[in-house]
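Participant: Model the following, please.
(chains A, B, C and D)
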Protein chains: 4
Amino acid sequence: MMTVDQYLDSLRRINFKVYMFGERISNIVDHAMIRPSINAVAKSYELDDDPYTESLLTAYSSLTGNKINRFTHLHQGTDDLISKVKMQRMLGQKTAACFQRCVGMDALNAVDSITFELDRDLGLEYHRRFRRFLLHVQENDLVVEGAMTDPKGDRSLRPSQQADPDLYLRIVRKDEDGIIVSGAKAHQTGALSAHEILVMPTLTMGEEDADYAVCFAVPSGTEGITYIYGRQSCDTRRLEGGVIDVGNCRYGGHECLVVFEDVFIPWERVFMCGEYRYTGSLVERFAGYHRQSYGGCKVGVGDVLIGAAALAAEYNGAAGASHIKDKLIEMIHLNETLFACGIACSSQGKPTASGTYLIDMLLANVCKQNVTRFPYEIARLAEDIAGGLMVTLPSEKDYRHPEIGKYIEKYLKGAENVPTEHRMRILRLIENITLGTAAVGYRTESMHGAGSPQAQRIMIGRQADLDQKKNLARIIAGIVDEENKS
Amino acid sequence: MMTVDQYLDSLRRINFKVYMFGERISNIVDHAMIRPSINAVAKSYELDDDPYTESLLTAYSSLTGNKINRFTHLHQGTDDLISKVKMQRMLGQKTAACFQRCVGMDALNAVDSITFELDRDLGLEYHRRFRRFLLHVQENDLVVEGAMTDPKGDRSLRPSQQADPDLYLRIVRKDEDGIIVSGAKAHQTGALSAHEILVMPTLTMGEEDADYAVCFAVPSGTEGITYIYGRQSCDTRRLEGGVIDVGNCRYGGHECLVVFEDVFIPWERVFMCGEYRYTGSLVERFAGYHRQSYGGCKVGVGDVLIGAAALAAEYNGAAGASHIKDKLIEMIHLNETLFACGIACSSQGKPTASGTYLIDMLLANVCKQNVTRFPYEIARLAEDIAGGLMVTLPSEKDYRHPEIGKYIEKYLKGAENVPTEHRMRILRLIENITLGTAAVGYRTESMHGAGSPQAQRIMIGRQADLDQKKNLARIIAGIVDEENKS
Amino acid sequence: MMTVDQYLDSLRRINFKVYMFGERISNIVDHAMIRPSINAVAKSYELDDDPYTESLLTAYSSLTGNKINRFTHLHQGTDDLISKVKMQRMLGQKTAACFQRCVGMDALNAVDSITFELDRDLGLEYHRRFRRFLLHVQENDLVVEGAMTDPKGDRSLRPSQQADPDLYLRIVRKDEDGIIVSGAKAHQTGALSAHEILVMPTLTMGEEDADYAVCFAVPSGTEGITYIYGRQSCDTRRLEGGVIDVGNCRYGGHECLVVFEDVFIPWERVFMCGEYRYTGSLVERFAGYHRQSYGGCKVGVGDVLIGAAALAAEYNGAAGASHIKDKLIEMIHLNETLFACGIACSSQGKPTASGTYLIDMLLANVCKQNVTRFPYEIARLAEDIAGGLMVTLPSEKDYRHPEIGKYIEKYLKGAENVPTEHRMRILRLIENITLGTAAVGYRTESMHGAGSPQAQRIMIGRQADLDQKKNLARIIAGIVDEENKS
Amino acid sequence: MMTVDQYLDSLRRINFKVYMFGERISNIVDHAMIRPSINAVAKSYELDDDPYTESLLTAYSSLTGNKINRFTHLHQGTDDLISKVKMQRMLGQKTAACFQRCVGMDALNAVDSITFELDRDLGLEYHRRFRRFLLHVQENDLVVEGAMTDPKGDRSLRPSQQADPDLYLRIVRKDEDGIIVSGAKAHQTGALSAHEILVMPTLTMGEEDADYAVCFAVPSGTEGITYIYGRQSCDTRRLEGGVIDVGNCRYGGHECLVVFEDVFIPWERVFMCGEYRYTGSLVERFAGYHRQSYGGCKVGVGDVLIGAAALAAEYNGAAGASHIKDKLIEMIHLNETLFACGIACSSQGKPTASGTYLIDMLLANVCKQNVTRFPYEIARLAEDIAGGLMVTLPSEKDYRHPEIGKYIEKYLKGAENVPTEHRMRILRLIENITLGTAAVGYRTESMHGAGSPQAQRIMIGRQADLDQKKNLARIIAGIVDEENKS
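Facilitator: Residues are numbered from 1 along each chain as shown, chains lettered A, B, ... in the order given. Here you go, the predicted model:
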């Protein structure tokens, strides 16, 4: 397994073609805008002395028996699924940000079982290729970006109906050596922290969309791939040079629009190529794993936000008020409900044909549906407890100003034993998670990541056996006999 | 294990002293008001051919290795805890009512670990006595009523401060042979379906309340015990002789006020007698188990209600409307969130010192807190889908009336292929669960059973490690160093 | 104006053909099941000495200048609309039940403006006829039942598509003297408390449904009309002879299925006959007025429920707990939000062409939409505060029993200074409103009365000018110029 | 009345001492950070040709009979109160931001009635002085900043108990000419857009806090006053020079920490000086007016957000989806509920002793309590509809980049007929209101402005007559007689 330093070095060796604010960026690892995001991923490489941390961050490879990073592991049982969720909560607690490496883990697990079934049904060799790629990932402890979401253009049209055929990533042509693809993947979380990109189709494809039924892996620095950095709320505070106003001065996340222009993929790295009937299951499984993930990572960020709100109350001298205590309990209750959903869908997991475990799909969708709601309410309660000062605080530069700083020191003091700067730091942290860069992860990603709310509702409707429920009601109402229960 | 008939016979042999509507009731088993409740418990004795049902309803005794009814089992692992929740969901689905036997199961498991710790710490013999009692229960497959809730009088006063010392059940005196107790237990669900009562203290007692720190088992027909039957919404529809208006014509639940007047308990059946320091843990563990339970049984009733609502929509010709589909999905989502909480607190269970497994206490409280909310919203959505006819339907007698019946047949017809009577039955079932006898279980018991909402909030506040969360926030905000994380 | 005694006498003179529980009922006024409902209407005839009460209950007729009961009045301004809502809140407070007379008031006001527009546009004489009928109502201070809701059969089919053409009330034939109608009206609140029925179509009719576009008035005892009494939760407690278990021993509501079998209506009382283009507006206006009404009456019942919950807490000795106070505040907040909506849609009313004032339609629909939600949450909070005893209380007969009664007296005592009977009465009142007969009005009628939730959502979508809002956004986003703002 | 140009000129003539990002700012009117905020206030000076706009923005002075700007008007009836709310909604629609002038209007109206009562009761001359000041404001059409909120230090301590006596603004000394004050006012919305500051005490003062019971007016450029600019989420996007990324390129709001260091106030401008018994009423009335205000301005911003969400759906090709339509309806419903509360508390207003009308205090608090909840849910729904692109969009600079821009143009295109730039602009607008600078006004100010949620709950508890409600319940339950209703 890699160390943090090895990880940073490995990124430095990748030739990313990145644009941000209209400029080409050369050194991403040391760029103030991008580094917090790399730091968050690096946390997954940081094995401290705590054996509990190690038990979560590592696993024994089902391919080699070697100890590997859990992010590269195929889940071998419900214990693995539960450990995954606990690892995510722990990293959420340590970074208060999106640590980006889950998408790849979820993609690896989904592609594993689907390629197995593809080969079993159709006599192909995708699974063998995939397992070889996975071995490379495990042995080199690589960060894999799972790339699913296409730009999608007009949502009321299918891929092949779009005005521009590239609005979904597609196979432009194939030859003996491999395939050539064009298109883009949007909202690519952690794109610049990754060594490899694992591309998957974004929705269930029909026969007419067979060219869009494509899955492959590609090194992130490959010729023809351009990264355009996405803006986040308050992003440029990172360029101001201070440590308070950013709220979280070490960790963050990022997203890119990743453009593929005639990118060549050798056959050895192609895991689906036109088998559109398998796209639906691949999307569902990846989404299912990723909906489980949110029952871990968002809970960890929630823990930090709850702690910050409790401190804000303390610093205000309001920690003893019964309504404050009650709001903190409500935040905890909502946060733990999310965790319960993450644990439950893991505990009820089942093996797929490849042996890799899949979460319970109904409960994973229920998990994510709650994630589209509760972080918003937790954030609202945090803003309630924090007080208005969170959004009217002067800048760190004013605070450091020789003349003006003393006014801030004097007038923004709360409880006597707490330095004004601590109060500012905690309020800025709450701002960061509820309105700033981390709000992108804690709010919007909670809403849309792993599929927008309506996507889960469709799955919930499909997974819940409504006919069985109707029959239960018919029996109790005496409409049918208990014996003939269908 | 007993058969259903053996169970009914065993109840017939108990000499309950019961009052209802101002009259002494002699034959409870065949009384139209009480029978549905006994039928619901009997369901726990009904092993059909389905191996899945059997795997849930039975277990192998940790005392004898014999196959026993799970309701008399000590949980030996997280699998047992999960099976318990699934059994409860299944019985909720089959009865759409409270099947009453859980309280005793939860009491047995709680008393087991507490008596073990009492004996370990104090060198007493409560645990040995308790295990002997448990053996009797397992071997005879008995229904045990767990009796915790005292009438409590003025809530702002402690037991020993009440105007009347009997407002909490207490030891009146002790002698060589045993103890004499007086007082009452309120809201005793399933009191008349049980062979034995297992009495526990209702809250954490202090030294001055030591006489109230008492735990014992007593056969339900014992001299000095009087049962006063509690009214439920729509209860007397059971006396009208029809099958439609009751909504659920086979199953139900009931509660009694159980009065103890100088009841003698031999020492062999006394499991706590004055050791007030252990009352808090006993209450917490029992409540914890029972808060887990609600993540099963209420979910099962919810399944029936969702099915009934789906049928009501179908019978109205409205099943295709997008808002109806969306409301059904919301009902499923909320119901499965409750289930997820029940599963999660089970999956994260840990052994106590006696070897008996305890659920995760934080998640069990979170589970119950959601149960105080979601069934109400599920019921509201069911009422929305059902339509107003649910509360304006004429009586079954009008429907059966030679002259008037035809008007009802004609005018209350919905979709052409559905008999009017089916529509009436389903609407009455929804009324039963949302407003009628079953609403007592589905709404009010969801609110107050296993402790009122505020009780869970106190536990959630206590179980969540707020100091750890504050420290996480301090580290991220840069107030303390990650290394010194306390 | 009539006195209460005159009102009771006038009802006694009507020859209702009523069935209940399979029997023909002769004396409705003195029937224990029906009388509470008549008492509630009678409250609208009861002018006590309070000038504020009088100012709400009476108005000066726009037809004659005479002082009349407000329930027979055409609203002449926004002050009238506001007084209407306040009158409804006051009567809700005094009866804790549905006082039934609003439907007629809302129907009279809706039919007034529609018939005016019909005559104006088409040169007919409906409005003159209607005003003559209204004069009769005002001068004799009559109770008018507004009858809109048809049974509707299969909701996915139009009236003329139903398997049975009578599933919507229709004109069977016309002749020189009048029309003959058949069909039924369902959920007819207060049908047996009314002197007259004012029948309206239930939805927007198309040309093929012209026979269903009919509006007329008919005395309630007319030949061919049959009333079938609807069951309510806990209805038969009224037949038990006590005063506690009913919860509210004086007031109640009721609904009937009203069947019309070849009923003759003379032309003088026909106000619409085939002019289907006006059905949509008639339904919208009646529904609009009635959605406003719920911002008054339900708030009044809510006041009683809040008061009862506060007393229950006091009787429990729990009134000082901060969570109890907070729940009461939440109940008040929700209840006053409903009132605010009732007042707002009244304050923003505008005159129709006939001079009769109409509420603001968007805000009236918003009002009712909140009514489909908040009473449920208020009820949930009341159940939370009340405690489980509400559904496990023994019967009044047990309480009055010479031997058993003393146990109840002793053990159900709460705070020392409060008689046990008072506690029982308050808990039964809360049960009555949340689960019993009054729950039909407070919950289900809040949901479905004046149109089910989806009906309001359709109207909200239609009334809100979304195009204007889009243009506001375009201007702010700089997509169009502020000057060219459409 | 002033024109927009005159207003800008008048601001240019004020010598503000302002700091921002550690630097002294000289020309505030032309500063890119501050100008949007001044533009928003300027909107209140912009009388276009629309007579409806004029009817809202102007009124006839109760002092002079002259036509004046409504922001300087004393409300003379409920019509004025209603017009105020409608004016605020309109300006919210036109600016999608906080237009800052309400605080002063609300302060003027509150100080008017309190000073009247002070003089009436104590024979002083505060009201005469205040009216003279008001005349100056009306005649010169000035913007007045209402300054109430002190920094407050440790919330568990009273003003005089704080470690630093200046943590609440106070009278340092008095002499013949006037008073000298020190302290600060926090969260001063629109401080740099105002000509005058009207300072009020922040809470109910006791005798020991008499030095803190002070109210006065002071020109905003007065010697001794320092303004420290507060940071907002995404504030520095205004310095980047583009028009897209800011979301709202013309309008905004701002807050300052305003420090008073030994500022001299002549007696003529002192309106309270130690009369602590009147502080509670002054705070309550000002807060009441300002809680009403939020039922207007936030609704206007909500209109823009709803419009933007509808456009985003359209641009995505998703406008026809039933769940999208339903979410838009829910947003409208919540927004109009807020408006209903604003209108209702206005419609039920009553005159104070000075003749100036006060809103209904209970309903105004209910209004604001809803404002602490619904904008958050509206924002959540907007984020749901907008999709994840809102937070992953590349920067405007990338979009304008000759090489990279074409990728954005191509891949971020939605519905074919909509320019990509329009889509970017609308998404940035939604980001602005939900996460960016305007979120400070739409979210945090909705939470804490005019008092934090708990402040309203205390007022709701105090204003609702719980004893009357208890009595209603006692009567219905038959505990007391209707006649003796106390």
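Participant: which residues of chain A score low on pLDDT?
Facilitator: Regions of chain A meeting the criterion pLDDT under 70 cover residues A:482-486.
Participant: Close to chain C: what parts of it are there?
Facilitator: A:322, A:323, A:326 (CB under 8 Å from any CB of the partner chain). For the C-beta atoms, the positions are set from N, CA and C on the backbone; glycine is no exception.
Participant: Secondary structure element holding the nearest residue to the second one once chain neighbours are set aside?
Facilitator: If I follow you right, that is residue A:323. Residue nearest to residue A:323 in three dimensions, not counting chain neighbours: residue D:454, with 5.0 Å by CB to CB, 6 or more residues apart in numbering or on different chains. Using DSSP states H and E, residue D:454 maps to helix D:453-463.
Participant: any residues touching the helix or strand following that helix, and which ones?
Facilitator: Per DSSP H and E, the first helix or strand lying C-terminal to helix D:453-463 is helix D:466-476. Contacts to helix D:466-476, defined as CB atoms under 8 Å, 6 or more residues apart in numbering or on different chains, come from residues C:93-96, C:248, C:250-251, C:303-308, C:310-311, C:314, C:328, C:332, C:426, C:429, D:480-482, D:485-486.
Participant: Of these, keep whichever come out buried.
Facilitator: C:93-96, C:248, C:250-251, C:303-308, C:310-311, C:314, C:328, C:332, C:426, C:429 (16 or more other CB atoms under 10 Å in any protein chain shown).
Participant: where along the stretch 1-150 of chain A do the strands fall?
Facilitator: A:18-20, A:23-25, A:58-60, A:67-69, A:144-147 (DSSP state E, counting those that start in this stretch).
Participant: Let me know which of those is tucked in deepest.
Facilitator: Among the strands of the stretch 1-150 of chain A, ranked by average contacts under mean count of other CB atoms under 10 Å in any protein chain shown, first place goes to strand A:144-147 (a mean of 28).
Participant: what about the helix or strand harbouring residue A:383, distance to the chain center?
Facilitator: Counting by DSSP H and E, the element that carries residue A:383 is helix A:374-386. Mean-position distance between helix A:374-386 and its chain equals 21 Å (CA atoms, centre = their mean, to the nearest Å).
Participant: near chain D, anything from it?
Facilitator: Yes: counting by CB under 8 Å from any CB, chain D is contacted by helix A:374-386 at A:376, A:377, A:380, A:383, A:384.
Participant: of all those, which comes closest to chain C?
Facilitator: Nearest to chain C, judged by CB to the nearest CB, of those is residue A:384 at 13.9 Å.
Participant: Output the strands of the stretch 1-150 of chain A as JSON lines; include the columns distance to chain D.
Facilitator: Listed next are the strands of the stretch 1-150 of chain A as JSON lines, based on distance: least, CB to the nearest CB, whole Å:
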{"stretch": "strand A:18-20", "distance to chain D": "5"}
{"stretch": "strand A:23-25", "distance to chain D": "8"}
{"stretch": "strand A:58-60", "distance to chain D": "30"}
{"stretch": "strand A:67-69", "distance to chain D": "27"}
{"stretch": "strand A:144-147", "distance to chain D": "13"}
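Participant: where does the stretch 301-450 of chain A come near chain B, residue by residue?
Facilitator: Counting by CB under 8 Å from any CB, the stretch 301-450 of chain A sits next to chain B at A:303-308, A:310-311, A:314, A:325-326, A:328-329, A:332-333, A:336-337, A:339-341, A:343-348, A:362-363, A:366-367, A:369-370, A:422, A:425-426, A:428-429.
Participant: which residue ranges form the strands in the stretch 151-300 of chain A?
Facilitator: So, for the stretch 151-300 of chain A - with DSSP E, counting those that start in this stretch - the strands run A:170-174, A:178-189, A:196-199, A:214-219, A:225-229, A:255-266, A:270-273.
Participant: which one of those strands has the most crowded surroundings?
Facilitator: When the strands of the stretch 151-300 of chain A are compared using mean count of other CB under 10 Å, strand A:196-199 is most buried, at a mean of 26.
Participant: Skip the chain neighbours and tell me the closest residue to residue A:325.
Facilitator: Using CB to CB, 6+ apart, the closest residue to residue A:325 is residue B:461 (6.7 Å).
Participant: thought the one you found was touching residue A:331?
Facilitator: No: between residue B:461 and residue A:331 there is no contact under CB atoms under 8 Å: 10.8 Å.
Participant: if I pick the nearest residue to residue A:56 once chain neighbours are set aside, what's in contact with it?
Facilitator: Excluding the flanking residues, the one nearest residue A:56 by CB to CB, 6+ apart is residue A:87, at 3.9 Å. Counting by CB under 8 Å, 6+ apart, residue A:87 makes contact with A:56, A:57, A:70, A:296.
Participant: measure the last one to residue C:90 for me?
Facilitator: Residue A:296 sits 55 Å away from residue C:90 when distances are taken as CB to CB, to the nearest Å.
Participant: Please say which of these two ends up with more neighbours.
Facilitator: residue A:296 (26 against 20; other CB atoms under 10 Å in any protein chain shown).
Participant: can I assume that one is in contact with residue A:83?
Facilitator: No: counting by CB under 8 Å, residue A:83 is not a contact partner of residue A:296; they are 9.9 Å apart.
Participant: Number of residues surrounding the residue of chain A at minimum distance from chain C?
Facilitator: Proximity of chain A to chain C (CB to the nearest CB) peaks at residue A:322, 4.0 Å away. Close neighbours of residue A:322, defined as other CB under 10 Å, add up to 13.
Participant: do the same with the one 4 residues further on
Facilitator: Using other CB under 10 Å, residue A:326 is surrounded by 17 other residues.
Participant: Give me the spatial nearest neighbour of residue A:418, chain neighbours excluded.
Facilitator: Residue nearest to residue A:418 in three dimensions, not counting chain neighbours: residue A:315, with 4.8 Å by CB to CB, 6+ apart.
Participant: List the contacts of the residue nearest to residue A:325.
Facilitator: A:325, A:328, A:329, A:332.
Participant: switch the cut-off to 10 Å
Facilitator: A:325, A:326, A:328, A:329, A:332, A:333, B:365 (CB atoms under 10 Å, 6 or more residues apart in numbering or on different chains).
Participant: can you tell me which of those residues are in helices?
Facilitator: Judged by DSSP state H, helices contain the following of these: A:325, A:326, A:328, A:329, A:332, A:333, B:365.
Participant: quick revisit: tabulate the strands of the stretch 151-300 of chain A (TSV), appending distance to chain D.
Facilitator: TSV is the format used below for the strands of the stretch 151-300 of chain A (distance: least, CB to the nearest CB, whole Å):
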stretch	distance to chain D
strand A:170-174	13
strand A:178-189	4
strand A:196-199	15
strand A:214-219	17
strand A:225-229	5
strand A:255-266	4
strand A:270-273	22
